[in-house]
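predicted model, plus sequence, below.
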Amino acid sequence: MGSIQATRGTRDILPEEVRYWQQIEAAAREILGRAAYQEIRTPIFEQTNLFERGIGEATDVVGKEMYTFKDRGDRSITLRPEGTAGVVRSFIEHSLNAQGGVQRLWYCGSMFRYERPQAGRQRQFHQIGVEVLGSPSPRADVEVIAIFADILQALGLKKLVLNLNSIGNASDRLHYREALVSYLTPHKADLDADSQDRLARNPLRILDSKDERTQAILTEAPSVLDHLNPDSQQRFEQVQALLTDLNIPFLINTRLVRGLDYYTHTVFEMQSADLGAQATVGGGGRYDGLVAELGGADTPAVGWAIGIERLVILLQQLHSLPAANVDFYLVSRGTQAEAQAVVLAQKLRQGGFTVELDLSGSAFGKQFKRADRSGAAACLIVGDDEAASQTVQLKWLATGNQDAIAQSQLFDITEELRQKIQAAKLLH
């Protein structure tokens, strides 16, 4: 019988890579915390109609990509393909608007879409996202973009471009849709198959086509910016002015419409030249009608989501992370020595040190090799002689200096040990 492997479109995130994930999550948590955003955690699956109503039945996500199934109660359930709809459902269900003021929320978790797996895009993927509910101001749009930029800057990412556009309000979007369909209909036979299908049900998505022939047709297509009403135009100009005030460079991209039906006014994507064809790190925009669409009060909102897998690829290209942060690697051999080592390791951990205890029982030589590879500052050695005398050999791996010390004395010199560990790590 063959071995069982991970399902296509999913992958294991192994310990060395997990450290990049932790770096991303820590940077996001710190920056979002400084901006008074609160974390929210929503279920990994929801009623299917939440996404049909929220995202739009004409979208590729709902029409082609959702993982939908019937549960044992014959209810239609869907693994969440994105985070916003679930956050909005929770906002309505728990009457978060009753708390008054603007709700600043963020989330982190798994999403699911049935897509062709490729680098940075899996069928189970992960996002960090923010949602600001209750403010119609362009300042809210700029705040979330600025926080997005701060997170990427904190991670040391470069070669980033903010693509920006406005699709106006519902009326603007309808007028633009009519103009775009009118322009594209005479070219229908020359469009790629997906674009021909989208022409009737979701024509704005044709602007995202990667087909060269379709892109050539779109060069003369009408611009959405020409169909904004004066208020929408003024709003977009305010967003641009505030971004300029913050020294956040941007590129107006009139083809940018995003793939979900709930967007209004500002839409944006952050792209990296280091990601090749799949250049988008994350994106978002304003969705003023979604809360009402899902049964809540009329509530303006704006947000974004970052794809963690793509960020990890960028970080791996940018730098390697230092070795794991181990203070002591504890080596022991012999029945009494191994028993003492377990106690010693636990006491040191309780004292705030990071200790890796070798559990192999192999020869000292093999254990010492593992100690050298561990990245630890020092190696603690307990053999038969040390067990009998209640001592331990303390060896500093960077210099090779080694001394015998009473096991009990270790806990009398903890501050001295911390200082030496810090100095030893600087030598690595």
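Yes, it's here. Numbers count the residues shown, from 1 in each chain.

what are the boundaries of the helices in the stretch 1-150 of the chain?
In the stretch 1-150 of the chain, the helices defined using DSSP state H, counting those that start in this stretch lie at 15-34, 48-55, 60, 84-93, 138-154.

dump these to a markdown table, plus distance to Ser389 and mean neighbour count.
C-beta here means a position set from N, CA and C on the backbone, and glycine is covered the same way. Listed next are those as a markdown table, based on distance: least, CB to CB, whole Å; neighbours: other CB atoms under 10 Å:
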| stretch | distance to Ser389 | mean neighbour count |
| --- | --- | --- |
| helix 15-34 | 36 | 16 |
| helix 48-55 | 67 | 19 |
| helix 60 | 71 | 20 |
| helix 84-93 | 61 | 22 |
| helix 138-154 | 50 | 21 |
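
number of nearby residues for the closest residue to Pro117 other than its chain neighbours?
Excluding the flanking residues, the one nearest Pro117 by CB to CB, 6 or more residues apart in numbering is Gly9, at 4.7 Å. Residues lying near Gly9 (other CB atoms under 10 Å) number 16.

separation between Gly9 and Arg113?
To Arg113, Gly9 is 9 Å away according to CB to CB, to the nearest Å.

my guess is the residue nearest to Pro117 contacts Phe125, does it?
No. Gly9 is not in contact with Phe125 according to CB atoms under 8 Å; the separation is 9.0 Å.

show me what Gly282 is bridged to.
Beta bridges link Gly282 to Met270, Ile306, judged by DSSP bridges.

pretty sure it is touching Glu269, no?
Yes. Proximity of Gly282 to Glu269 meets the contact threshold set by CB under 8 Å, at 7.3 Å.

can you work out which residues contact both of Gly9 and Arg113?
Taking CB atoms under 8 Å, 6 or more residues apart in numbering as the contact rule, Gly9 and Arg113 both touch Arg123.

name the element Ala404 belongs to?
Assigning secondary structure by DSSP states H and E places Ala404 in strand 402-406.

would you map the strands across the stretch 151-300 of the chain?
Applying DSSP state E, counting those that start in this stretch to the stretch 151-300 of the chain gives strands spanning 160-166, 251-252, 264-272, 280-286.

any chance of those strands in TSV, with mean neighbour count and mean pLDDT too?
TSV is the format used below for the strands of the stretch 151-300 of the chain (neighbours: other CB atoms under 10 Å; pLDDT from 0 to 100):
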stretch	mean neighbour count	mean pLDDT
strand 160-166	21	93
strand 251-252	12	96
strand 264-272	23	92
strand 280-286	23	93
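
ok, residues contacting stretch 237-247?
With contact meaning CB under 8 Å, 6+ apart, stretch 237-247 is reached by 138-139, 141-142, 145-146, 162, 164, 166, 250, 266.

widest-spaced pair of these?
Greatest spacing in the contacts of stretch 237-247, by CB to CB: Ala146 and Ser166 (17.7 Å).
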